[in-house]
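In: Here is my input; please provide its structure:
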Amino acid sequence: MRTTVTALATSALAALGLVAAGATPALAAAPAPFCESGASQFYCDGSSTGTTTWSITWYSGSVGTFTTAGPTLFATCPASNLGHPVRASYSYVDGGTTQYSGTTQFICRSGAWQ
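Out: You can find the predicted model right below:
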C-alpha cells in the first residue's frame with residue numbers, strides 16, 4: 001500500500017511539474033529595443049522583421065499597443081507621462097513562431113532628446 005501511495009504522489013508531483021513548466025512565460029528571444037525620448041515624443045528601434053507589435057507600459061500602469069510595418073516605433077508621450085519612466089517591448093512572427101523581446105525602460109522627456 002505504501003509503495004502505491006508513494007508512486008501516486010510521485011506521479012502527481014511530476015504532473016504538477018509539467019503544468020508549472022508550461023505556465024512559465026517564454027524567455028525573450030529578441031533583444032530589448034533601444035528607445036530615446038525628447039520633445040514630448042519617443043522613438044524605439046527593435047530587431048524585428050516585418051509587422052511588429054509594440055507594448056508600451058505607461059507610468060500610470062496602462063498599456064498601449066502599437067503595430068508597425070517594421071522594427072521602429074515613433075509616437076507621442078501622453079502629457080501625464082512626461083518626466084516619468086515608460087517600459088517598452090515588442091513581438092513579431094518569424095517562421096511561424098512569435099518572438100518576444102526583452103523590456104527596456106526610458107523617461108518620456110519634454111525637452112532635449114536623450
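
In: if I look at residue 67, how far off is residue 48?
Out: Residue 67 sits 11 Å away from residue 48, going by Cβ to Cβ, to the nearest Å. C-betas here are computed from N, CA, C, even on glycine.

In: Neighbour count: those two, which is higher?
Out: Applying other Cβ atoms under 10 Å to residue 67 and residue 48 shows that residue 48 carries more neighbours, namely 22 against 10.

In: just checking, the more buried one touches residue 99?
Out: Yes. Using Cβ atoms under 8 Å, residue 48 is in contact with residue 99, at 7.3 Å.

In: any chance you could map the strands in this structure?
Out: According to DSSP state E, the chain carries its strands in the segments 34-38, 41-45, 52-57, 63-68, 72-76, 85-94, 97-100, 104-107.

In: nearest to residue 113, of the ones you listed?
Out: Closest to residue 113 of those is strand 34-38 (Cβ to Cβ; 3.0 Å).

In: Pull the distance from the closest one to the chain's centre.
Out: Offset of strand 34-38 from its chain centre (Cα atoms, centre = their mean, to the nearest Å): 17 Å.
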